[in-house]
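Visitor: Let me see the structure of the following:
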Amino acid sequence: MDGVKIIALNRRARFDYAVEEDFECGVVLLGSEVKSLRMGKVSFPDGYAVIEKGELWLRNVHIAEYTYSSVFNHDPDRPRKLLVHAHELKRLERRVREKGYTLIPLDFHFRKGRVKVEIGLCKGKKFADKRESIKERDVQRDLQRDFRDRQH
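Guide: Next up is the predicted model:
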């Protein structure tokens, strides 16, 4: 990705959920939140996005207070508005109404100096699916190891 600096990845999301589609969204932030993000002070293991009154909101995302800020700092756990095109929002709303779909933040990154969130349209995995993911990952690791050993 050109001009993209990853701030944080939600690696757990791809393990717990099957990601069907992903969308890049802008985020409405305060100045101290952007500074905290530049320092990588974000945590979102149980974060999710919801559609309320025709707007997309990000919940359960903790952006730590900026340590060098004054007493007028931001609330670390406040809901944050996400910016998407109207046609994307309508499509997301239709899909989320279907049974089992949810919106999960996959990563935070900077693109051209602006903070963006990658939101995934996800469906929860069953325990057997998770086991299958682990098996797939192990097979890929073994293949890479064999390939690397043949190269030497």
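Visitor: what's the burial count for Leu29?
Guide: 17 (other CB atoms under 10 Å). Every residue, glycine included, has its C-beta placed from N, CA and C.
Visitor: ok, and the residue nearest to it when sequence neighbours are not counted, which helix or strand is that part of?
Guide: Sequence neighbours aside, Val115 is the residue nearest to Leu29 in space, at 6.0 Å (criterion: CB to CB, 6 or more residues apart in numbering). Counting by DSSP states H and E, the secondary-structure element that holds Val115 is strand 114-124.
Visitor: CA atoms only for that strand - export them in CSV, please.
Guide: Backbone C-alpha positions of strand 114-124 (Å, rounded to 0.1, in the frame of the first residue of the first chain) are rendered in CSV as follows:
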residue,chain,number,x,y,z
ARG,A,114,-5.3,11.3,7.6
VAL,A,115,-6.4,8.6,10.1
LYS,A,116,-8.5,5.8,8.4
VAL,A,117,-10.1,2.7,9.8
GLU,A,118,-10.6,-0.5,7.8
ILE,A,119,-14.0,-1.9,8.7
GLY,A,120,-14.8,-5.5,7.9
LEU,A,121,-18.2,-7.0,7.2
CYS,A,122,-17.8,-10.1,9.2
LYS,A,123,-19.7,-13.3,10.1
GLY,A,124,-18.7,-15.1,13.3
